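> pasting the sequence and the predicted coordinates here, then a few questions.
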Amino acid sequence: MKPKILIPLIVAAAIPVFMAGCATDAHYVQTGGRENIVSVGQINIQDYIQAASAATQELLSSGALDKVEKTPAVLAMSRIVNNTGQQIDTDLLTKKIRVALLQSGKAVTTTTMGLGGTSEDPLAKGMQQENEFMNDQKVTRLPDFSLSGKIIQTRASNGNTHQSTFSFQLSLTDKNGLAVWEGEKEITKQGTRSSIGF
Amino acid sequence: MKTFHLLALCGLCAVAGLTGCTTVNSVENANKEGQRNMVADQRAVTDHSLVKKVAVVGVNTAMTPGGVLRVQVELQNRTRSMQRFNYHFEWFDANGMQVNNVTSALVPDQIEGRENKMISAVAPTPNCKDFRVKFIEAE
């Protein structure tokens, strides 16, 4: 083969190699799937899903939400204390539980009543107050339960092996101030120093 | 000397073979008070490697006080070493349509050598009538 023909062939073969080098390996993965990144020192999205799933299943199987005068039960969100070493948005846990309970038909969550007189949806609270004023009567249904909890991180290490346990603790309290359901889901993750990015 | 070397080699092999093998001894009441409502199951096996290690013994169901379906699957580790696996429950309504669930998770789990273990899940709504459990070998 003549060199004149060979050179364009080599150049043509090299172009895809260079182009492949420029491409990123970004791709979609299923949320909560087995390709998700596992971090020992952090709560990953799959951990929130697992904790919410466990809490919802325990809550549904306990029958606590069925013991109300009028179904579905009305739930108010209380405080979820973060006792981990990282800044987290507790809605990643509570919203999943709320959505799951709403879909189950067992409970609805109030967005006009919150901790310290605040409301999650101020516009809805205004509409509710206006409705009560116009009808000259109290139409608001008070919550049957409040949901509170705590997320705790416990660390341990042995040589290069590091371990974190995240405890997701939840309590459902009724109007009498009694915790009618309590659940705890613990997720423990372990890894060596090199795999956890210290 | 030759016999000594042979014995030493056998000893090393035995130690190597036993490493990582921890099986489970258990005891339970012989006369059971509770009766499991076992259901006929239909299995699709594509990972023969996994099914040789972690096998499904049986499936039973019950209803929660609120009328939600609860499913329990009994698994058995057929090997002498601990096995890791992932499982995932899917739920279907009376029309056979899959019910989407925000808390549907791939759950990582492990089972000790020769252990029998239960995994269970509660349906996301009272409308769920059928289920499917998927098992994936952990990497």
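Ah, there it is.
> so what's the one residue in chain B that gets nearest to chain A closest to, chain neighbours aside?
Nearest to chain A, among the residues of chain B, is B:P65, at 3.3 Å (C-beta to the nearest C-beta). To be clear about C-beta, it is placed using only N, CA and C from the backbone, and glycine gets the same treatment. In this structure, B:P65 finds its nearest non-sequential neighbour in A:G63, 3.3 Å apart by C-beta to C-beta, 6 or more residues apart in numbering or on different chains.
> the one you found against B:G67, yeah?
No. Contact criterion C-beta atoms under 8 Å: A:G63 and B:G67 do not qualify, at 9.4 Å.
> the more surrounded of the two?
A:G63 (16 against 12; other C-beta atoms under 10 Å in any protein chain shown).
> tell me who's in contact with B:H48.
With contact set as C-beta atoms under 8 Å, 6 or more residues apart in numbering or on different chains, B:H48 has no partners.
> near chain A, which residues of chain B?
Chain B comes close to chain A at residues B:64-66, B:68, B:70, B:86, B:101-107, B:121-122, B:124-126, B:136, B:138-139, as judged by C-beta under 8 Å from any C-beta of the partner chain.
> switch the cut-off to 6 Å
Residues of chain B lying near chain A by C-beta under 6 Å from any C-beta of the partner chain: B:T64, B:P65, B:G66, B:V68, B:N86, B:V102, B:T103, B:A105, B:L106, B:V122, B:P124, B:T125.
> between which two of those residues is the distance greatest?
B:P65 and B:N86 (29.9 Å; C-beta to C-beta).
> higher neighbour count, the two?
Neighbours were counted for B:P65 and for B:N86 using other C-beta under 10 Å; B:N86 has more, 17 against 13.
> host element of that one?
strand B:83-92 (DSSP states H and E).
> ok, A:I97 - how many residues close by?
So A:I97, with other C-beta under 10 Å, has 24 neighbours.
> and it, its phi and psi?
Note on A:I97: backbone dihedrals following degrees, to the nearest 10 are phi -70, psi -40.
> that one and A:A51 touch, don't they?
No. Contact criterion C-beta atoms under 6 Å: A:I97 and A:A51 do not qualify, at 8.9 Å.
> what's A:K185 in contact with, if anything?
Going by C-beta atoms under 6 Å, 6 or more residues apart in numbering or on different chains, A:K185 touches A:A51, A:A54, A:F168.
> how about the second one, secondary structure?
When the structure is split into helix, strand and coil by DSSP: H, G, I helix; E, B strand; the rest coil, A:A54 lands in helix.
> gap between the nearest residue to it once chain neighbours are set aside and A:I97?
With sequence-adjacent residues excluded and distances taken as C-beta to C-beta, 6+ apart, A:A54 is closest to A:K185, at 4.1 Å. A:K185 sits 11 Å away from A:I97, going by C-beta to C-beta, to the nearest Å.
> quick one: the strands in chain A, in order.
For chain A, the strands defined by DSSP state E cover A:73-83, A:107-109, A:145-158, A:161-174, A:179-192.
> pick the most deeply packed of the ones you listed.
Each of these was scored by mean neighbour count; the highest is strand A:107-109, a mean of 21, by mean count of other C-beta atoms under 10 Å in any protein chain shown.
> what's the pLDDT at A:N135?
We have a pLDDT of 80 for A:N135.
> how far away is it from chain B?
33 Å (C-beta to the nearest C-beta, to the nearest Å).
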